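Visitor: Quick one, structure for this:
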Amino acid sequence: MKEVVKVALWTLLLLGLSFVYMESGVVSAKEFKDVSTKHPNYKAIQEMQKAGFISGYPDGSFRPQEPVSRKHVAVLLDKALKFPQPTTQRAVFSDVPKSHAYYAPIMKLYDQGIVSGANGKFNPESSLTRIQMAKMLDLAFDFNMTEHAGFSDLLVTHWGYVHANALYANHVASGDRGQFKPNEKVTRAHYAEFLYRAMQANTAQPTGDALVKKEALDKLFRLTSLIERTFHLSEENHQTFNQVRSEFLHYATPRYVDEIIGGVYRGEFDYLPYVNDTLHTEVKLRLEYSKPDPDVLHVSTIQFRNLHDDKGGFVHAVFIKDAGQWKISSYDVEFPGTKNFQLTVDEAKFAIQDDYDRHGFQNVRITYVSKSQVTGEDYMTHEKYTFDKYKFMIDSHLGLHYVTINSDSGLIN
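Guide: Purely as a prediction, here's the structure:
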């Protein structure tokens with residue numbers, strides 16, 4: 001969204017917590033009787049109060065544990081952003097008929113893609129969950145998903161996977177001991193904290209080349225995750241390509257969908273290179289990108305091999321913006337062989353650190369031990385070549401052990 005819309009949404013969401021916008025730019029600092037200085041969200045609540053964004057209840061309380069209502073967020077969003085009238089005249093949600101007092105604002109948010117409901121219901125009386133919050137903030141602040149958090153309770157098939165990871169990448173939500181807890185209710189204090197962080201992240205958003213880099217990572221992670229989700233769900237539901245083609249078209253061009261994704265369904269190709277082999281932080285090691293015009297983005301990077309198959313290699317992708325929506329236009333992977341990564345010791349250490357962090361290891365210390373020369377064979381030409389295999393000692397909360405990583409492909413053993 002444009003900057004003015006982001007500001008409006010920020011103000012509105014604060015109102016949605018019964019926060020009161022103060023017309024005066026100067027508001028005296030005050031303490032809430034139920035938010036002590038030891039409260040974990042004290043700073044966020046106080047900073048927004050001093051800035052004039054929030055005010056508590058007449059009795060001097062903030063009521064930090066009170067939940068947020070979905071219907072109230074909807075009506076306040078509508079009032080702040082002044083969305084156009086809903087394009088559909090029918091009731092989309094079974095629990096929000098046209099006679100419902102909040103039908104118009106809920107349908108306006110539905111038209112804007114900010115809310116989608118679940119199982120045909122909007123649940124207007126329910127409180128907001130963490131994953132619903134993630135979606136709203138991700139869409140409102142137009143965050144870039146620049147990495148995967150690896151939340152153990154949020155698989156790629158979950159509709160909110162990319163939204164939670166976008167918040168994680170922008171330090172808005174970090175989860176709790178490796179879990180995102182998507183269905184947990186959001187309290188007023190927690191929402192205040194999330195919004196405070198979102199505002200800080202939005203202020204810190206880079207410009208110029210640094211922003212293009214974040215956009216490149218976002219397209220690599222977000223679009224491939226969304227296609228992977230669609231692919232897995234179609235398998236689970238035993239759907240044919242024709243039945244899910246329209247869903248894929250949200251994330252890729254017709255040519256890519258029909259020739260490449262369709263080719264996998266028809267058996268012409270074995271797999272999509274990013275399905276079941278998620279791109280991770282290794283893409284940052286050799287990331288190259290260019291934006292010849294605002295609607296075209298070229299990205300080149302590397303994807304490590306794994307122990308289970310021959311995926312991985314030099315990645316070359318093109319993304320285009322179609323009617324305001326970024327989509328994959330092409331995505332090719334060149335297998336490493338005689339032309340290979342030639343990872344340095346520092347790059348190998350970086351990759352191992354990321355791998356252990358994602359798997360929940362704590363207090364990880366990585367020490368380079370040695371290297372040895374290994375002979376490999378080019379996957380395509382069968383030509384022999386040599387490469388370095390690095391050995392590292394890993395010290396973590398589980399004790400000492402050793403791993404090796406191939407410098408040609410990033411394969412960790």
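Visitor: quick one: low-confidence ranges for the protein?
Guide: 1-29, 51-55, 75-77, 79-81, 307-310 (pLDDT under 70).
Visitor: After the longest helix anywhere in it, heading C-terminal, what element do we hit next?
Guide: With secondary structure taken from DSSP state H, the chain has its longest helix at helix 188-203. Once the chain leaves helix 188-203, the next helix or strand it forms, by DSSP states H and E, is helix 208-218.
Visitor: returning to that earlier point: put the alpha carbons of the longest helix of the chain into CSV.
Guide: Once non-C-alpha atoms are left out, helix 188-203 reads as follows in CSV (Å, rounded to 0.1, in the frame of the first residue of the first chain):
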residue,chain,number,x,y,z
ARG,A,188,-4.5,-5.7,23.7
ALA,A,189,-1.0,-5.7,25.1
HIS,A,190,0.4,-8.1,22.6
TYR,A,191,-1.3,-6.3,19.7
ALA,A,192,0.2,-3.1,20.9
GLU,A,193,3.6,-4.7,20.9
PHE,A,194,3.2,-6.1,17.4
LEU,A,195,2.0,-2.9,16.0
TYR,A,196,4.8,-0.9,17.7
ARG,A,197,7.3,-3.3,16.1
ALA,A,198,5.5,-3.1,12.7
MET,A,199,5.7,0.7,12.8
GLN,A,200,9.4,0.5,13.7
ALA,A,201,10.1,-2.0,10.9
ASN,A,202,8.2,0.2,8.4
THR,A,203,10.2,3.2,9.4
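Visitor: thinking in terms of the whole chain, how far from its middle is it?
Guide: Remark: helix 188-203 is offset 17 Å from the chain centroid, using Cα atoms, centre = their mean, to the nearest Å.
Visitor: same check, this time on stretch 276-295
Guide: Mean-position distance between stretch 276-295 and its chain equals 15 Å (Cα atoms, centre = their mean).
Visitor: Please enumerate the strands of the stretch 151-300 of the chain.
Guide: Taking DSSP state E, counting those that start in this stretch as the criterion, the stretch 151-300 of the chain carries its strands at 288-293, 296-303.
Visitor: Skipping adjacent residues, who's closest to residue 129 in space?
Guide: Excluding its sequence neighbours, the residue lying closest to residue 129 (Cβ to Cβ, 6 or more residues apart in numbering) is residue 183, at 5.3 Å. The way it works is simple: take the backbone N, C-alpha and C, and place the C-beta from them, glycine included.
Visitor: One more: residue 245?
Guide: Per Cβ to Cβ, 6+ apart, closest to residue 245 is residue 257, 6.3 Å.
Visitor: so who does that neighbour touch?
Guide: Counting by Cβ atoms under 8 Å, 6 or more residues apart in numbering, residue 257 touches 245, 248, 249.
Visitor: Which elements pack onto the longest helix of the chain?
Guide: helix 3-16, helix 42-50, helix 130-141 (3 or more Cβ pairs under 8 Å, 6 or more residues apart in numbering; DSSP states H and E).
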